[in-house]
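Enquirer: Give me coordinates for this.
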Amino acid sequence: MGALLSLLVLVAVTTPNPDLAAAEKQLEDFRYGEAERSLVKALGTPDNDRATILRIYELRGILDAIAGKRTAVEHFGRLLALDPERTLARDLGPRILTPFYEARGRLGDNPPVQLEATAAPGEKEQHLTVKLTSDSFGLGAWVKLWWRVGNGEWQSKAEPEVAGSATVDQVVLAEAVEYYAQLLNADEGVLLESASAA
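Expert: A predicted model of the protein is given here:
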């Protein structure tokens, strides 16, 4: 088990989230109850970046798998819904990998989150559209569209997610525009981004 925890620390991401950093250390020190509480707090921290949120779901899955809890499959399912290409190191062993692969096998029932941003040019304007078409776990709370013309200020418009879908439309009076979209959780953490060139 010591080698397992050393591996977990090696793959830790650098994060400004102090509760995630605390959970990493607590997991390394076999303080599982404390680690679980820290991970719950870490997820509720405002403005988490995507890498931080993915790491929280990954560690919650690993922690529950170590304890033999069925909720490990749910946490891994959330992780894979946001990052379907995610893998875990084989060194983690079957106790952790079995629920991870079970969650991967359920992607047909719980498809990955899909966020699509497009621009349709008009005569002197751009019609920007963002669509969230899949969020089977209901992880998102808001879909946010960001745009700017030239080197101007970034502007944004957001719509709430309802029943796993949302659409944001915006007309920008410009021949060219930079834009991207985000799916945010209730604490403004970034779950997914869809970007485009100018």
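Enquirer: longest helix of this protein?
Expert: helix 50-66 (DSSP state H).
Enquirer: Check which helices and strands it is in contact with.
Expert: helix 18-28, helix 32-43, helix 71-82, helix 94-105, strand 190-195 (3 or more Cβ pairs under 8 Å, 6 or more residues apart in numbering; DSSP states H and E). From N, CA and C alone the C-beta is placed, and that goes for glycine too.
Enquirer: Can you get me a residue count around residue 108?
Expert: 6 (other Cβ atoms under 10 Å).
Enquirer: try residue 133
Expert: There are 13 residues near residue 133, going by other Cβ under 10 Å.
Enquirer: that's a helix at it, yeah?
Expert: No. Residue 133: not assigned to a helix; according to DSSP: H, G, I helix; E, B strand; the rest coil it is strand.
Enquirer: where's it relative to residue 127, distance?
Expert: 18 Å (Cβ to Cβ, to the nearest Å).
Enquirer: How about the contacts made by the residue of the chain most remote from its centre?
Expert: Distance from the C-alpha centroid of the chain peaks at residue 123, with 36.6 Å (Cα atoms, centre = their mean). With contact taken as Cβ atoms under 8 Å, 6 or more residues apart in numbering, residue 123 is in contact with no other residue.
Enquirer: confidence score at it?
Expert: Per-residue pLDDT puts residue 123 at 87.
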